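> model the following, please.
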Amino acid sequence: MELPVIDFAALNGEKRSKTMALLNEACEKWGCFQIDNHGIDKELMEKVKQLVNGYYDESLKGEFYESEIVRSLNDNEFISDRDWETTFFISHRPNNNIRDIPNISKELCETMDEYIAQLLKLAETLSELMCENLGLDQNHIKQAFSGTKGPSVGTKVAIYPQCPNPNLVRGLREHTDAGGIILLLQDDQVPGLEFLKDGQWQRIPPSRNNTIFVNTGDQLEVLSNGRYKSVLHRVMAEKQGSRLSIATFYNPAGDATISPAPKLLYPGGYRFGDYLELYSTTKFSEKRPRFESMKMMTNGHH
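Model prediction:
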């Protein structure tokens, strides 16, 4: 069972319909997929990873290996309430806090800003493609996420350090993501990421050639009325090296009001007699147009 790969280069040619169908299936049945030919400068992506790894080595690594979770690992009991990770969070939109992070270099700040500017365009394009597949207006997700200041964009930078006993701790415990669309620039060497598919944990391989890994969060499941699932995932601790994860969240603003898109809701508040009247003339037709007709009626359109 292979993780879907969406080739963005195919969206502008004769394979567009097939590619859009693959994207829709990935959102409905997987809740995650990879994007190739995404248009983000791959040299820039390499520079981001290099600078983040350097920041970890200089500013975070020593502190992590002196932390309580490392000492607790010596007790040889499974650690169920903490994660084997060291992280920092960057807010990009509506406010940028990257220059407030201790000991961060000007080069890393500027490189990350440039990367996020390109990644945000990809997130918006992806949201438009999802809207197209859902039968919504192109900007529905962006507008639903906007609140008063536009969608919220932030990045969780995480290192999952080399672990001497990975059977006793998770890199990151099982969870779904709270937000909207998550775009992950991950390690190209060390594995660890796993997603739950059909009751089985599927191991996600490292991202070769700087593909972007995407998963959908809880708010997209709500907005799509359950069609696009947020999915359980976790990170396993690894003995063979440290894993880098740079996860950017394209999320609703804090004051955004989230609800299922009205076009995706079943009709509600109608008299059963009215439904039967319509049913009597459409019994042997598809049910969805019947539902759409009832929805129009309940909204005051005849």
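
> got a list of what the most centrally placed residue in the chain touches?
By CA atoms, centre = their mean, the mean C-alpha position of the chain lies nearest to Ile182, the distance being 2.3 Å. If you count contacts by CB atoms under 8 Å, 6 or more residues apart in numbering, Ile182 has them with Val214, Asn215, Thr216, Gly217, Ala247, Thr248, Phe249, Tyr250. For every residue, glycine as well, the C-beta is placed using N, CA and C.

> could you do Ser259 as well?
If you count contacts by CB under 8 Å, 6+ apart, Ser259 has them with Val222, Leu223.

> okay, and it sits in which element?
Using DSSP states H and E, Ser259 sits in no helix or strand.

> helices along the protein, start to end?
Assigned by DSSP state H, the chain shows helices spanning 16-25, 42-55, 61-64, 68-73, 106-134, 140-146, 218-223, 272-282, 287-298.

> okay, those helices in TSV with mean neighbour count and mean pLDDT next?
Converted to TSV, the helices of the chain look like this (neighbours: other CB atoms under 10 Å; pLDDT from 0 to 100):
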stretch	mean neighbour count	mean pLDDT
helix 16-25	15	97
helix 42-55	17	97
helix 61-64	12	94
helix 68-73	14	92
helix 106-134	18	98
helix 140-146	21	96
helix 218-223	22	94
helix 272-282	11	87
helix 287-298	14	80
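
> out of those, nearest to Pro260?
Across these, Pro260 has its closest neighbour in helix 218-223 (6.3 Å, CB to CB).

> packing partners of that closest one?
helix 140-146 (3 or more CB pairs under 8 Å, 6 or more residues apart in numbering; DSSP states H and E).

> now find how far off-centre the helix it packs on is within its chain.
In this view, helix 140-146 has its centroid 16 Å away from the chain centroid, taken as CA atoms, centre = their mean, to the nearest Å.

> same check, this time on stretch 42-61
With CA atoms, centre = their mean as the basis, stretch 42-61 stands 22 Å off its chain's centre.

> which residues touch the closest residue to the residue nearest to the centre of the chain other than its chain neighbours?
Closest residue to Ile182 apart from its sequence neighbours, by CB to CB, 6 or more residues apart in numbering: Asn215 at 5.0 Å. By CB under 8 Å, 6+ apart, Asn215 lies in contact with Gly31, Cys32, Asp177, Ile182, Leu184, Phe195, Ser230, Val231, His233.

> cool, and Gln138?
When contacts are counted by CB under 8 Å, 6+ apart, Gln138 touches Glu128, Cys131, Glu132.

> repeat that for Ser152.
If you count contacts by CB under 8 Å, 6+ apart, then Ser152 has Ser91, Arg93, Pro94, Phe145, Gly179, Phe249, Asn251, Pro252, Ala253, Gly254 around it.

> what is the nearest of these to Arg290?
Distance to Arg290, by CB to CB, is smallest for Phe145 among those, at 31.9 Å.

> where does pLDDT dip in the stretch 151-300 of the chain?
Applying pLDDT under 70 to the stretch 151-300 of the chain picks out residues 299-300.

> hmm, try it at 90
Applying pLDDT under 90 to the stretch 151-300 of the chain picks out residues 187, 205-209, 240-241, 262-300.

> what are the ranges of the strands in it?
For the stretch 151-300 of the chain, the strands defined by DSSP state E, counting those that start in this stretch cover 152-160, 170-175, 181-186, 193-197, 200-203, 212-216, 233-236, 243-251.

> quick one: strands adjacent to the first one?
Sheet neighbours of strand 152-160, with direction, are listed as strand 86-93 (antiparallel), strand 243-251 (antiparallel) (DSSP bridges).

> for the strands of the stretch 151-300 of the chain, give me JSON lines that also has distance to Lys283.
Shown next, in JSON lines, are those (distance: least, CB to CB, whole Å):
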{"stretch": "strand 152-160", "distance to Lys283": "47"}
{"stretch": "strand 170-175", "distance to Lys283": "45"}
{"stretch": "strand 181-186", "distance to Lys283": "40"}
{"stretch": "strand 193-197", "distance to Lys283": "38"}
{"stretch": "strand 200-203", "distance to Lys283": "41"}
{"stretch": "strand 212-216", "distance to Lys283": "36"}
{"stretch": "strand 233-236", "distance to Lys283": "44"}
{"stretch": "strand 243-251", "distance to Lys283": "44"}
